Each structure stands twice: as structure tokens, then as C-alpha cells.
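1. I would like the atomic coordinates for the input below:
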Amino acid sequence: MVLYMGIVLYAPSLALSAVTGLHFQGAVVAIGLVCTFYSTLGGMKAVLMTDLFQSLLMFAAIFSVIICSWIDAGSLWPVLENANIRGRIHFFETSFDPTVRHTVWTQVFGGCFI
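-> Prediction:
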């Protein structure tokens, strides 16, 4: 859980410091305090509702990108064909090479431990 919390604080702090010019350490402290204060006042219900809205927003964004790409290309086939030509489709990659970005093993490890 400690590794997870570090990643959860690091990513938005990095974005906040890049956008606003705040020092990175100040952004970490600010985000940590805001999240702690929000969770303390609202309780678990507020956290769950925020997670629900965030997941709905992510699904809406993903589906809107898929639908807009589908409309721009005319159908789904040109999109898949272009991705295949450029080497972006790799299902069931089982390489143990650590320089390969996504493999079955990195997904299993990342899903279980991170």
C-alpha cells in the first residue's frame, strides 16, 4: 500500500507542479493535505462517490475517443488495420525481456502487487 500511495501522490503532484510552477515538494504536501481533509470530512461515502464519478468520466472519455475515431475513419476496420501496420497490436506477448513494455507477466505482476 505504501508503494501505491507514493504513486498516487507523485503523479498528480508532478502535473500540478508542471502546470502551476509550484515546487514539487509543496505540491506533494498540498495534495496530501487536501486528500486527507476531504476524506476526513466526507468519510468513506464521499470517497466512494468521487471514485464513481471519476470512473464514469474515464469510461465516457474512452468511449468518446473510440466513437470519434470510428466516425472519422468510416468504420472500425481502418483503425484496426492502421494499428496493426504500425505494430501497436500485441496480444498475449509472453516475453521475459524487461524492455518490452506490456507483456502477460508485467500485467499479472502489476495487477497483483502494485
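2. which parts of this structure are helices?
-> All helices of the chain, identified by DSSP state H, fall at 2-20, 24-73, 76-85, 104-113.
3. and those as a markdown table, adding mean neighbour count?
-> Glycine gets a C-beta too; all of them are placed from N, C-alpha and C. As requested, the helices of the chain are exported to a markdown table (neighbours: other CB atoms under 10 Å):
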| stretch | mean neighbour count |
| --- | --- |
| helix 2-20 | 12 |
| helix 24-73 | 12 |
| helix 76-85 | 12 |
| helix 104-113 | 11 |
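4. of these, give the one that comes closest to residue 98.
-> Among the helices of the chain, the nearest to residue 98 by CB to CB is helix 104-113 (8.5 Å).
5. that closest one to helix 2-20, inter-axis angle?
-> Interaxial angle of helix 104-113 relative to helix 2-20 (axes from the mean of the first three to the mean of the last three CA atoms, to 10 degrees): 100 degrees.
6. great, nothing more from me.
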